[in-house]
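# Curious how this folds, go ahead:
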Amino acid sequence: MKHLLFIISFLAITNADLIQPPNYSALYHTYVQFEWEQIPSTDRYQLMVSNNDSFTDVVINVTDQTLVYIARENIEWSSQYYWKVRKHNLGGDLGPWSDVFTFTTAEQISNVTTTFSNESIIADGITIFGSFFNYYSSVVDINGNEIWNSGNGDLVFYNTNEDGDLFGCYLDNSLNNNLPGVEFNIDNDFVWEEPNDEFLHHDLIQLPNGNYMGVVSVSQIGSIPIGSWTSLFQGHGYIADGVTLEFPWVGDKIVEWDKDTKEVVWSWNTFDYYDMQDYDDIGGTWDQAYIDQQYDWTHINAITFSEEDNAIYISTRHLSRITKIDHASGDVVWNMGHEFPSGEVDFGHDLGFSFQHSLQVLNNGNIVTFDNGNLSEIFLGTDEPTSRAIEIDISNDGNSFNAEIEWEYVLPTDLFGFASGNAQKLDNGNYIITTVGGGGTSLEVNTNGEIVWEADLNLTLPNGAVYRAMRIPGIYPVAFSIVTQDLHTHESEPSVSVEDSTVAFEIHNEGYNAVTYAYSLVDDEGWFDSSIQEVFIQPGENFTAVYFADQISDLASANPMVFTVTPINHIQLTKTVNVNAYTFPVAIDDELLPNAFKLYEPFPNPFNPTTAIRFSIAATHASQLQVFDVTGRLVETLIDKDLNQGEYTIQWNASSLPSGVYFVRLTSSMKTQTRKVLLLK
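The predicted model follows:
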């Protein structure tokens, strides 16, 4: 029987290389993901975190069997921490400590206070909110403790999706369109940014096909209708006869951008599908138009997509209307809400919502929205303007659509939210309701209308300016580690002797989401099946990828291999393990080599557009330092020559390349090591 030896290209032999948080990093969160590389002959690890580098004030001291540990306690804001890892096997088998890394946490931004009576009836998770005029976003736990914030980036949270991606905008007054829409992460890096060719506002989402969709402003000259405002406009020199085309109307366009090229691949314009004889004549929008010298006609403030029926839903504030659009054709499926002269609103005339904000489409087709209620005195007969959270049941009898209120919660008048706000139905059946009223307030209400949790966001004027708040499971939707089974050390290299021509890798899902991972093993000799496989792993669970070789030929040298794992909806988090396979018997040896072969973590990472790549060579050899993209295509060769034993640093400038994930690979004397870098422009 032949035995295969697989050498993993990690430098760490008896002590671990630390991965994240990177050394000297500044964090904007107090839930911290620690990650390190695998140590051969290790079944568990000890992680120690301290307030000082002598580790006399330890705040975290845990053991873990995988390579990722997420700390949810004992990390405070405005502090510096030091951390290290070592082998800590059962039976007292201890290894030396790793190098010591340090990180700092930023200052707390929010000032949230919460009240609740019974924690057991509150939906699981933490709460994220964004604030306009304050221009920041934050995540808090049930007690109001801040877990994450957006730092000084003027970043406003819009929404999230089932994959845990975060979308919003940031303020940049140097731009004509000063609120560019972005997808961002908890390190406040931009994963994707819209082209900013037009003014995007209120919402940005990602479609199942990977493209992005948002709301941008468009304008067209229209007439000034006759109303109580007529004399104001005529006094300003306008004819204002309801016919003459003389005044700019601002509508909205739904735009779909290609995720890679950012080209517009689909659009839908309110001027093409809404009748201009439908306009608000009772909510004061024409009085505001006199001040602004343009009419804010539609003011779409929310967009969502249903994959089940390939449809887009939009909330059009100033028409007190919700519209369903067929994505394939662009045709309006239905309009629901306030009736207008055109007769284009199909149903829901008696629902009474007005100037509503936010949309959630439930699995049963119901719609949850926040009825701001600016016109509630007229539509619902309230004594004062009153806001509601409502769930709308929509049915179709074959001839027409019908709607009725399935559930509602009427906010007290002191929490009236004239703008912004949202409502979200939670997994346990409760609802999170957010309003600008009360300086920014989020309520969790059960189906009986009882408040089970309240958060006072304590925001500054105007009116708290909270935009939206949502309950999310955590800040790490995708976190995973790869463990190579039966890893040992041979000639100071991590290695594994594989019986029966097999090799196995464990994928551990350590985030809060169930995730589909794509994985593959590629080797130069073609011993193993290199096809890409997929596996769906629940949070806290793991999967073992076992590879069998039908036939293996004897080799005097290594057969390089790479095991790659990619979360299919988060390719920027791709991880690789580099493996060299040998067909001859080997000995186990823990001897360390000085000046060993090593490719260090590039810094900074993510970067734009330059990062420093540091590496060391154990002896004089022909060496290559190359960069590849996620498809495996060679992008650039940085070094290709003989190098003497020693340590080197090279600056890589990627200004000519698009944003994305790249792999830096160091090769010398049949050894390879790879590091992932993320270019963010």
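# Farthest out from the centre of the protein, which residue is that? Tell me.
For the chain, the residue at maximal distance from the C-alpha centroid (C-alpha atoms, centre = their mean) is G235, at 50.7 Å.
# ok now do that residue, which residues does it touch?
Listed by C-beta atoms under 8 Å, 6 or more residues apart in numbering, the contact set of G235 is empty. Bear in mind the C-beta positions are built from the backbone N, C-alpha and C, glycine included.
# What separation is there between it and T285?
Distance, G235 to T285, by C-beta to C-beta, to the nearest Å: 19 Å.
# now Q551
In this view, Q551 and T285 are 75 Å apart by C-beta to C-beta.
# More neighbours: those two, which one.
Legend: neighbour count by other C-beta atoms under 10 Å for Q551 and T285, higher for T285 (20 against 7).
# still on that earlier bit, next one, pLDDT for the residue farthest from the centre of the chain please.
With respect to pLDDT, G235 scores 95.
# Now it. Its backbone dihedrals?
Main-chain torsions, G235, degrees, to the nearest 10: phi -70, psi -20.
# The one 5 residues further on too?
With angles defined as degrees, to the nearest 10, A240 shows backbone torsions of phi 50, psi 50.
# tell me the contacts of it?
Applying C-beta under 8 Å, 6+ apart, the residues near A240 are I224, I226, T230, F233, Q234.
# If we only consider those, which is nearest to L634?
Nearest to L634 among the contacts of A240: I224, at 62.0 Å, using C-beta to C-beta.
# thought the closest one was touching E246?
Yes. Shown here, I224 and E246 form a contact pair, counting by C-beta atoms under 8 Å, at 6.7 Å.
# Let's see the pLDDT reported for the one residue sitting closest to the centre of the chain.
The chain has D165 as the residue nearest its centroid, 2.4 Å off, counting by C-alpha atoms, centre = their mean. At D165, the model reports a pLDDT of 97.
# any idea how far F157 is from it?
As judged by C-beta to C-beta, D165 and F157 stand 12 Å apart.
# can you check L461 too?
With distances taken as C-beta to C-beta, L461 is found 20 Å from F157.
# go on, F34?
Taking C-beta to C-beta, one finds F34 at 26 Å from F157.
# With N578 instead?
38 Å.
# One more: W148?
Using C-beta to C-beta, W148 is found at 10 Å from F157.
# go on, Y31?
Applying C-beta to C-beta, the value for Y31 to F157 is 17 Å.
# Looking at those two, which is more packed in?
Higher neighbour count among Y31 and F157: F157, with 23 against 19, using other C-beta under 10 Å.
# And for the more buried one, nearest residue in space, chain neighbours not counted?
Spatial nearest neighbour of F157, excluding adjacent residues (C-beta to C-beta, 6 or more residues apart in numbering): G130 at 3.2 Å.
# To which secondary structure element is that neighbour assigned?
strand 126-131 (DSSP states H and E).
# longest helix anywhere in the protein?
helix 285-292 (DSSP state H).
# quick one: the helices in this protein?
230-234, 270-273, 285-292, 376-379.
# out of the ones you listed, which comes closest to E541?
Within these, the stretch nearest E541 is helix 270-273; the backing value is 46.4 Å (C-beta to C-beta).
# Residues touching that closest one, excluding its own?
By C-beta under 8 Å, 6+ apart, the residues outside helix 270-273 that reach it are V218, Q220, G251, D252, K253, W297, T298, I300, T316, I325, G330, V332.
# Give me the distance between the closest residue to the fourth one other than its chain neighbours and R388.
Once flanking residues are discounted, D252 sits nearest to I300: 4.2 Å by C-beta to C-beta, 6+ apart. If you measure I300 against R388 using C-beta to C-beta, the figure is 20 Å.
# cool, and V661?
From V661 across to R388, the span is 45 Å (C-beta to C-beta).
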